[in-house]
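Engineer: Prediction below, plus the sequence it came from.
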Amino acid sequence: MMSDFFPLAAIATTPSSAQLLVPLTESMQLTLWVPVTVSVPNSQVYKGSLSGHLKLIWSQYRGFIFALSTGAVVRLIAPLLEDKSLDPAIVVIDALGQYVISFCSGHQGGADLLTRLVAIELNATPIITGASTSLNLPAIDILGKPWGWQKGTGDWTRVSAAMAAPGETLEVVQDAGSPLWQQHLPLDHPFVFQEAEGRSQESAGRSQQAAGSRQQAEGSRLEPQARVWISATLRSLVTSSKIPEVQWHPRVLWVGIGCSRGTSKKLIQQAVEETCQRYNLATAAIAGLVSLNIKADEEGIIEFSESFKVPFLTYPAELLKDIAVPNPSSVVLKEVGTPSVAEAAAIVAGGTLIVPKQIFQDETGQVTVAIAQAEREYIGKQGALYLVGTGPGRLEQMTSAAKRAVIEADVLIGYSLYLDLIEALKRPGQIRESYPITQERERASRAIELAQWGLTVAVVSSGDCGIYGMAGLVLESLQQGGWDGQSPRVEVFPGISALQSAAARLGAPLMHDFSAVSLSDLLTPWPVIEKRLEAVAAADFVIALYNPRSQNRHQPLQRAWEILLKYREKNTPVGIVKAAYRLEEEVILTTLGEMLDAPIDMLTTVIIGNQSTSRHHQWLITPRGYLQKNDSV
């Protein structure tokens, strides 16, 4: 995590403010700068004035966290600011560490997100003053960032202002890239979606589902006050227009290239740029270059792909020769084993050919260019899966690392109840996909699909994600799919498990050896569950029962009770905890003999003591052995 902000710097000028930032040096891997008069661990010392030092290091960092007054920060950074598309994220922390302020470059520099992450680490309140945040909307100037879209021309300031103005509407015309963002807007969003010519029926349907804008709420009388184009088409926008416009370019164009050996980068670049210009396509929408395998070492194509910062992929002739193209060549077939290189390669990569082959030549050689457009954009970054345990359901008991994972993710996936419990962490623009309790496989499959595409996906489980949670299923599914262990990247964020939460409400019942057994036979055959119950009961483990009883499943708990009574006395202490730490929490202390009389359901964890467990008032205690004379610990 935090890679978007590396390298990151923090600056303090007093011992107290430096101490405030020291924990961030480890958790956020930042460099802490202090003057020679301040000595704190894990810090770097600067000499001379802070303004002079800041000028020296300004270009070295992508973000700065200041533990200074806002006035001092204004004077320090004012001479260094260039443009909001280039400036680093600037965050300010007050002297007591109670507030974290997104101070400058909140959208494009990422200061809004960095503010949320720092606030989590310091248990502070984030202060974000941007209009899009107050409206719970994704900011226009970073709308396409998660999807790898490229910003085009337009009046970004006026369009952003129109979005923030009360009662105004913005027209969105999208004919390329994923419309998924449209489906996760608040009900009172200001966007009016218009379908551009050529949009697929599937995409059109998804966009219509996303409607529900102010225009619908107030009637069609409202004329849009701004327009957002999301397209591979390059439009000439007039910034002085009555209606300001901007354009995003999803990377959906795959450029097929065939060329004679030794063709120069100059000619290849000229061919691509002139073809895009001729067909009104944005070069920013290019996802990558594609060709025949024997061109994998073609220096001109490689140099162009590197300078243009797009991938270069090649395919075998055996694959390309079977692709139907409008302009096959018998000469090319004889030379390289396929009747088409540029058109066929473009179709394989992109799907729909929109520009047939164009031929260019000069003294260095000859190049053929064709372009296909893909339904799904190329994001251009490695995706990630964050497997997150949220603990019992109260945010203060969720680890800061898990909170950061949720805040940083592009997509949140989980059971609706668990997502509702962490709703306060959700930030504008995040995708939230909830699934019923029985659709764990669908959750895992969807999360993997989005992560393989290039998004960062947080898969949310209650308790600990690795204890009867989603971590195992996601990793199993990756394994079955031939995962290389590297891409997508996987990180596991543990949480307080249900048995730990229940035990904390009961006292200390798990102080000695214990076992957890799920009574759900949906995934585990009942004979296996019985065998495990017999073993742990006979071994005198303290036992935590998960999934003890549902509306239609009573027999497993009855049978477990019968097995336990074979090995334990009826007066064995039992703790029953429902919805630990939530508003509907219920804690019951009883005995094994009377356990079945208590209200028990799927939100309940049952802890059965061993022969040493005792009850003292409202507490259960299982001795570890410290007070015994022969204790060997």
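Structural biologist: Looks like it arrived, so ask away. A quick note: this is a predicted structure, and the numbers were derived from the prediction, not measured. Numbers count the residues shown, from 1 in each chain.

Engineer: Strands of the stretch 51-200 of the chain, residue ranges please.
Structural biologist: Secondary structure of the stretch 51-200 of the chain by DSSP state E, counting those that start in this stretch: the strands cover 63-66, 89-93, 99-104, 125-127, 150-154, 170-174, 191-195.

Engineer: Going by secondary structure, residue 534 is in what exactly?
Structural biologist: helix 526-538 (DSSP states H and E).

Engineer: my guess is residue 149 meets residue 246, correct?
Structural biologist: No: taking Cβ atoms under 8 Å as the definition, residue 149 is not a contact partner of residue 246, at 11.4 Å. Using the backbone N, CA and C atoms, a C-beta is placed for each residue, glycine as well.

Engineer: now the helix or strand containing residue 344, how far from the chain's geometric center?
Structural biologist: Secondary structure assignment for residue 344, by DSSP H and E: helix 342-350. Put simply, helix 342-350 sits 31 Å off its chain's centre (Cα atoms, centre = their mean, to the nearest Å).

Engineer: now stretch 523-543
Structural biologist: With Cα atoms, centre = their mean, you get 38 Å for stretch 523-543.

Engineer: Over to stretch 136-149?
Structural biologist: So, by Cα atoms, centre = their mean, the centroid of stretch 136-149 is 13 Å from its chain's centroid.

Engineer: Also stretch 521-537?
Structural biologist: The answer for stretch 521-537 is 37 Å, by Cα atoms, centre = their mean.

Engineer: Just the buried residues of that stretch, please?
Structural biologist: 521, 529, 532-533, 536-537 (16 or more other Cβ atoms under 10 Å).

Engineer: That one - what's its average pLDDT?
Structural biologist: Stretch 521-537 carries an average pLDDT of 95.

Engineer: From residue 388, how far off is the residue sitting nearest the centre point of the chain?
Structural biologist: With the centre of the chain defined as its mean C-alpha position, the nearest residue by Cα atoms, centre = their mean is residue 409, 2.2 Å away. Computed as Cβ to Cβ, to the nearest Å, the residue 409 to residue 388 distance reads 8 Å.

Engineer: again, but for residue 100
Structural biologist: From residue 100 to residue 388 the distance is 22 Å (Cβ to Cβ).

Engineer: more crowded one of the two?
Structural biologist: Counted by other Cβ atoms under 10 Å, residue 100 and residue 388 do not tie: residue 388 has more neighbours, with 34 against 25.

Engineer: shouldn't that one be in contact with residue 495?
Structural biologist: Yes: look at residue 388 against residue 495 with Cβ under 8 Å: they come within range, at 7.2 Å.

Engineer: shared neighbours, those two?
Structural biologist: The contact sets of residue 388 and residue 495 overlap at 402, 461, 465 (Cβ atoms under 8 Å, 6 or more residues apart in numbering).

Engineer: Quick one: buried ones out of the residues you listed?
Structural biologist: So, by 16+ other Cβ under 10 Å, the buried ones in the shared contacts of residue 388 and residue 495 are 402, 461, 465.

Engineer: for the stretch 401-550 of the chain, what spans make up the helices?
Structural biologist: 416-421, 440-453, 471-480, 498-506, 526-538 (DSSP state H, counting those that start in this stretch).

Engineer: what would those look like in CSV with distance to residue 429?
Structural biologist: Listed next are the helices of the stretch 401-550 of the chain as CSV, based on distance: least, Cβ to Cβ, whole Å:
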stretch, distance to residue 429
helix 416-421, 16
helix 440-453, 15
helix 471-480, 24
helix 498-506, 32
helix 526-538, 44
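
Engineer: quick one: low-confidence ranges for this protein?
Structural biologist: 1-2, 196-222, 239-241, 629-633 (pLDDT under 70).

Engineer: could you redo the last one with a cut-off of 80?
Structural biologist: Applying pLDDT under 80 to the chain picks out residues 1-5, 195-222, 238-241, 628-633.

Engineer: Okay, domains of it per the record?
Structural biologist: 3-129, 140-249, 262-275+285-373, 384-496, 499-621 (automatic domain parsing).

Engineer: Who are the packing partners of the top strand by length along the chain?
Structural biologist: Using DSSP state E, we find that the single longest strand of the chain is strand 352-362. Under the contact criterion of 3 or more Cβ pairs under 8 Å, 6 or more residues apart in numbering; DSSP states H and E, strand 352-362 touches helix 265-278, helix 342-350, strand 365-373.

Engineer: and that strand, which strands flank it?
Structural biologist: strand 365-373 (antiparallel) (DSSP bridges).

Engineer: just to revisit the earlier point, just put the buried residues of stretch 521-537 in JSON lines and tack on distance to residue 332.
Structural biologist: Listed next are the buried residues of stretch 521-537 as JSON lines, based on distance: Cβ to Cβ, whole Å:
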{"residue": "521", "distance to residue 332": "62"}
{"residue": "529", "distance to residue 332": "65"}
{"residue": "532", "distance to residue 332": "66"}
{"residue": "533", "distance to residue 332": "70"}
{"residue": "536", "distance to residue 332": "70"}
{"residue": "537", "distance to residue 332": "75"}
